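Asks: 3D, please:
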Amino acid sequence: MDERLQVYESKMTKSFDALGRDLAAIRAGRANPHVLDKIKVDYYGTPTPLQQVGNISVPEARIIQIQPWEKKMIKEIEKAIMTSELGINPTNDGSSIRLVFPELTEERRKVLAKDVKKKGDEAKVAIRNIRRDANEAFKKMNKNNELTEDDQKDLETKVQKMTDKYIADIDKAIEEKTKEIMTV
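Replies: Prediction:
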């Protein structure tokens, strides 16, 4: 692949990966440990990812269990979960924390599906902005006689194909996540 295109391919990949992480954090009735990815715990004065202070497991379909490596971290983990946007109250049995995910109501499923669509639309906008930046860079290169007009058109066509591929991937990811959310 042309090194002039690699920069933009890399940016598009990063945008798509960011969408994947955002979608993984949206819970769909089943317990998914990725909903805890963005939660930080105060570990001796340092905000530390939850995964680094304990073992996270899914013993049942709608339960996440967190087993802290240090017992005194239970209160900190509980506090971090309660102040997060997770919307679930942790249950503490003295040695571990359990998060019980309630069944999603039809109304909540629709709200989550809308949120998934919104995140997908934001990712598409990011991809299109990258395409625009690429095309502007190619025009500038042509103006500075670094590219012929044919090369510019060729690069713009390749960027458009890349854009189409990522937009299709985003649509597929949105469709899969929406289906997962709407499945009872």
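
Asks: can you give me how far the longest helix along the chain is from the chain middle?
Replies: In the chain, assigned by DSSP state H, the helix with the most residues is helix 106-143. What separates the centre of helix 106-143 from the centre of its chain is 14 Å, taken as CA atoms, centre = their mean, to the nearest Å.

Asks: In contact with the residue lying closest to residue 101 once chain neighbours are set aside, which residues?
Replies: Take residue 101 and drop its neighbours on the chain: the residue closest to it by CB to CB, 6 or more residues apart in numbering is residue 62, 4.5 Å away. For glycine as for every other residue, the C-beta is placed from the backbone atoms N, C-alpha and C. Residues in contact with residue 62 (CB atoms under 8 Å, 6 or more residues apart in numbering) are 29, 30, 31, 100, 101, 102, 103.

Asks: Tell me the helices and strands packed up against the longest helix of the chain.
Replies: helix 3-24, helix 149-182 (3 or more CB pairs under 8 Å, 6 or more residues apart in numbering; DSSP states H and E).

Asks: If we go by neighbour counts, what in that helix is buried?
Replies: By 16 or more other CB atoms under 10 Å, the buried positions in helix 106-143 come out as 109, 112-113, 116, 119-120, 123-124, 126-127, 130-131, 134-135, 137-138, 141-142.

Asks: low pLDDT regions in this protein?
Replies: 1, 27-29, 184 (pLDDT under 70).

Asks: can we see that at 80?
Replies: Scanning the chain for pLDDT under 80 picks out 1-2, 25-32, 85-87, 102-104, 183-184.

Asks: Using the record's assignment, carve it into domains.
Replies: Listed by automatic domain parsing, the domain ranges of the chain are 3-24+105-182, 33-100.

Asks: Checking the spatially most distant residue from the centre of the chain next. Helix, strand or coil?
Replies: The centre of the chain is farthest from one residue, residue 145, which by CA atoms, centre = their mean lies 40.3 Å away. Using DSSP: H, G, I helix; E, B strand; the rest coil, the structure places residue 145 in coil.

Asks: related to what we said a few turns ago, phi and psi next, for the residue nearest to residue 101.
Replies: Per-residue torsions, residue 62: phi -120, psi 20 (degrees, to the nearest 10).
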